[in-house]
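Visitor: Structure, please.
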Amino acid sequence: MAVNLTPNAIAAIESGDVNAKPLVQVLDIKLIGSTQERYRLLLSDAISTQHAMLATQLNDRVKSGRVRKGSVVQLIEYICSPVQNRKIIVVLNMETIIPDCEIIGNPKSLVESDSAAQKPLINSNLGQSATVSNNNFSVQKPGHNMQNFPPTVQPPYQPPPKYRSHGPILKNDAPARIIPIAALNPYQGRWAIKARVTAKGDIRRYNNARGDGKVFSFDLLDSDGGEIRVTCFNAVLDRFYDAIELGKVYMISKGSLKPAQKNYNHLKNEWEIFLEATSTVELCPDEDGSIPRQQFSFRPISEIENSENNSILDVIGVVMSVNPSVPILRKNGMETQRRILNLKDGSGRSVELTLWGEFCNREGQKLEEMINSGVFPVLAVKSGKVNDFSGKSIGTISVTQLLINPDLPEAHGLRNWFDGGGKTASSVSISREIIPGGSKNEIRKTVSQIKDDGFGRSDKPDWVTVKATISFIKTDTFCYTACPLMIGDRQCNKKVTRSGNANWQCDRCNQEFEECDYRYLLQAQIQDHTGLTWVTAFQESGEEILGCSAKELYSLKYEEQDDGRFGGIIQSRLFNQYLFRLKIKEEMYGDEQRVKITVVKADNVNHSSEATYMLDLISKFTRQ
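Guide: Modelled structure (predicted):
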């Protein structure tokens, strides 16, 4: 069957005509790319050849064999980008017309053809020179009379009429063409993408050899399902941070593309956009809703058990329990919050989810209220980070999103499963402990196990949860006078003393002031059925135990001298059962090493969660 490829299609594309839908032939296919599979094609129009890159969303055309060497294809959507003094065609969409075909014509590289076409060919018999096309000139054997075989002159390519008489267009003034995210590559000149912000990270500060700086990133999703991360530094961050809103659609152009740092970037794209001073970000109306709000790739909890450490994934499950938020001191000295959840799905497995920072107060608080009211919500986690320390768990990062009871098919299916019997179905935890909220270093123990298991003796503190009652509270030194001054964004809290003029003086701040703060330094004895031990509760945990501030209690005892009310508050807290989160660490007291137990959280026992814990514990032992 005779096949006619589109004449001069390669030259037309190189000249800027990307609106036609030419027929071309695939002469060669090569797999390239180390981080992401990409295919490079060699295309022909029977006269010239040119290299092309296949958009990643078309990779299946090659893998399935629909596009192979010799295939005749029709280019539906494509662009032409400069690459180091040459151009390359980026194929965004195409259709296979003929899967297999013999090589058509005698095509040669367009660069080779152009250079050959400019060389003067001397006809010795005619005594004249002529510019000829190397594609159409047949070289004669010696002895043949070339006068009998005049060369066919290939006229130079003329662009379509709509490209004539437009005058020169400056590169920076040419309008950027909207392209899919999947087609982005560093070799393009002008480009623009239209996409929705699906995640916005917090501002992070850093310090390196070049000095201090700040950075933030946000993720984009377009109507074709392509995703990419955008990063802004310093002055560019100041310009765009407040302008970028989660869920909004933007037109973005004039950024630079660099290889994605896979240690920090989990998106399936080998490139990352870095915005610059000349970059533009324009808010677009979301009229047709063609760009999805979010894109999920949920993994069953049973598969997370085999996932690599630090990998990023999406998971959805029913929230079975929620632990209260606890303060955690970071390595940099700053304090943050942590909250532990327990998720369960239909795969027969459950997993711990650790919320950090503001997630504890936003979604975490709402989830705790729902659980306490007897509701077990479905939670979708977008971009959770896998931790494999002694089991597998999921943790939130800056770009994580939590959706409570989302309107998704997976969520509806999970709800039907749970209400239809999944609630009572047994599940095995892939985390170290199956107790609700128990993290790798925060596990349920009895009082006697604190000593018997040697907690607090290692270099790092141990975190355990103990269900116990308070049997004694020391009332002579239950609080101390503290410095109220701020040091940066934190209060000093150093112990202060009276100066000679009756003011309070702080030796650390070297200042005096009329009023001080009162902070708990509460020492109490807790016990369960296995034994008893001494613990120390500071400000927040002291307020949770006694139900009032240290200043109020101090006023009753020392200013109002109301021993009756003071004693009543203390007595009302004795022999009440709490769920204590304890930090256990060995410290030096003089020349002696002692284990110090600090209460970081004291919660009233939630009997519903406790019942779930006991049932899971029984189920665990029966399986063994």
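
Visitor: Just to check, residue 18 is in contact with residue 78?
Guide: Yes - counting by Cβ atoms under 8 Å, residue 78 is a contact partner of residue 18 at 5.9 Å. (C-beta placed from N, C-alpha, C; glycine too.)

Visitor: Between these two, which has more neighbouring residues?
Guide: Neighbour totals were compared for residue 18 and residue 78, and residue 78 leads with 23 against 16 (other Cβ atoms under 10 Å).

Visitor: how about the strands of the stretch 151-300 of the chain, start to end?
Guide: For the stretch 151-300 of the chain, strands defined by DSSP state E, counting those that start in this stretch occupy the ranges 192-200, 204-208, 211-221, 227-233, 249-253, 256-259, 271-274, 280-284.

Visitor: Between these, which one is closest to residue 351.
Guide: strand 192-200 (21.4 Å; Cβ to Cβ).

Visitor: Report the rounded mean pLDDT for the closest one.
Guide: In this model, strand 192-200 has a mean pLDDT of 91.

Visitor: who are the neighbours of it, in terms of helices and strands?
Guide: Here strand 192-200 touches strand 211-221, strand 227-233, strand 249-253, strand 378-387, going by 3 or more Cβ pairs under 8 Å, 6 or more residues apart in numbering; DSSP states H and E.

Visitor: hmm, try it at 10 Å
Guide: The elements that strand 192-200 packs onto, with contact taken as 3 or more Cβ pairs under 10 Å, 6 or more residues apart in numbering; DSSP states H and E, are strand 211-221, strand 227-233, strand 249-253, strand 280-284, strand 378-387, strand 401-404.

Visitor: re earlier: mutual contacts of residue 18 and residue 78, please.
Guide: Counting by Cβ atoms under 10 Å, 6 or more residues apart in numbering, the shared contacts of residue 18 and residue 78 are 89, 90, 92.

Visitor: Just these: which are in strands?
Guide: 89, 90, 92 (DSSP state E).

Visitor: Wait, a helix at residue 407?
Guide: No - Residue 407: not assigned to a helix; according to DSSP: H, G, I helix; E, B strand; the rest coil it is coil.

Visitor: measure it to residue 248 for me?
Guide: Look at residue 407 and residue 248: by Cβ to Cβ, to the nearest Å, they are 20 Å apart.

Visitor: more crowded one of those two?
Guide: For residue 407 versus residue 248, neighbours defined as other Cβ under 10 Å are more numerous around residue 248 (14 against 8).

Visitor: OK, contacts around the more buried one?
Guide: Residues counted as contacts of residue 248 (Cβ under 10 Å, 6+ apart) are 196, 197, 200, 283, 284, 285, 286.

Visitor: and which of those residues is nearest to residue 57?
Guide: Nearest to residue 57, judged by Cβ to Cβ, of the contacts of residue 248 is residue 196 at 17.7 Å.

Visitor: what is that closest one paired to in the beta sheet?
Guide: Beta-bridge partners for residue 196, by DSSP bridges, are residue 221, residue 249.

Visitor: For residue 460, identify the helix or strand it belongs to.
Guide: Counting by DSSP states H and E, residue 460 is held by no secondary-structure element, helix or strand.

Visitor: Please report phi then psi for it.
Guide: In terms of degrees, to the nearest 10, the main-chain angles of residue 460 are phi -100, psi 150.

Visitor: Do you know the pLDDT at it?
Guide: According to the prediction, residue 460 has pLDDT 74.

Visitor: Show me which helix runs longest in this protein.
Guide: Ranked by residue count, the top helix of the chain under DSSP state H comes out as helix 607-623.

Visitor: how about that helix: buried residues?
Guide: By 16 or more other Cβ atoms under 10 Å, the buried positions in helix 607-623 come out as 609, 610, 612, 613, 616.

Visitor: Any idea how many residues pack against the closest residue to the first one other than its chain neighbours?
Guide: It refers to residue 609. Excluding the flanking residues, the one nearest residue 609 by Cβ to Cβ, 6 or more residues apart in numbering is residue 321, at 4.8 Å. Other residues lying near residue 321 total 26 when counted by other Cβ under 10 Å.

Visitor: tell me the average confidence for the longest helix of the chain?
Guide: Here the average pLDDT along helix 607-623 is 72.

Visitor: tell me what that helix is packed against?
Guide: Secondary-structure packing of helix 607-623 (3+ Cβ pairs under 10 Å, 6+ apart): strand 312-322, strand 335-344, helix 363-372, strand 428-429, strand 577-589.

Visitor: Output the contacting helices and strands for the fourth one.
Guide: When contacts are defined as 3+ Cβ pairs under 10 Å, 6+ apart, strand 428-429 sits against helix 301-304, strand 349-356, helix 607-623.

Visitor: In the stretch 451-600 of the chain, what residue spans correspond to helices?
Guide: For the stretch 451-600 of the chain, helices defined by DSSP state H, counting those that start in this stretch occupy the ranges 539-546, 550-554, 563-573.

Visitor: And the contacts of the second one?
Guide: Contacting residues not belonging to helix 550-554 are listed as 475, 478-482, 516-522, 538-539, 542-543, 546-547, 559-560, 565-566, 569-570 [Cβ under 10 Å, 6+ apart].
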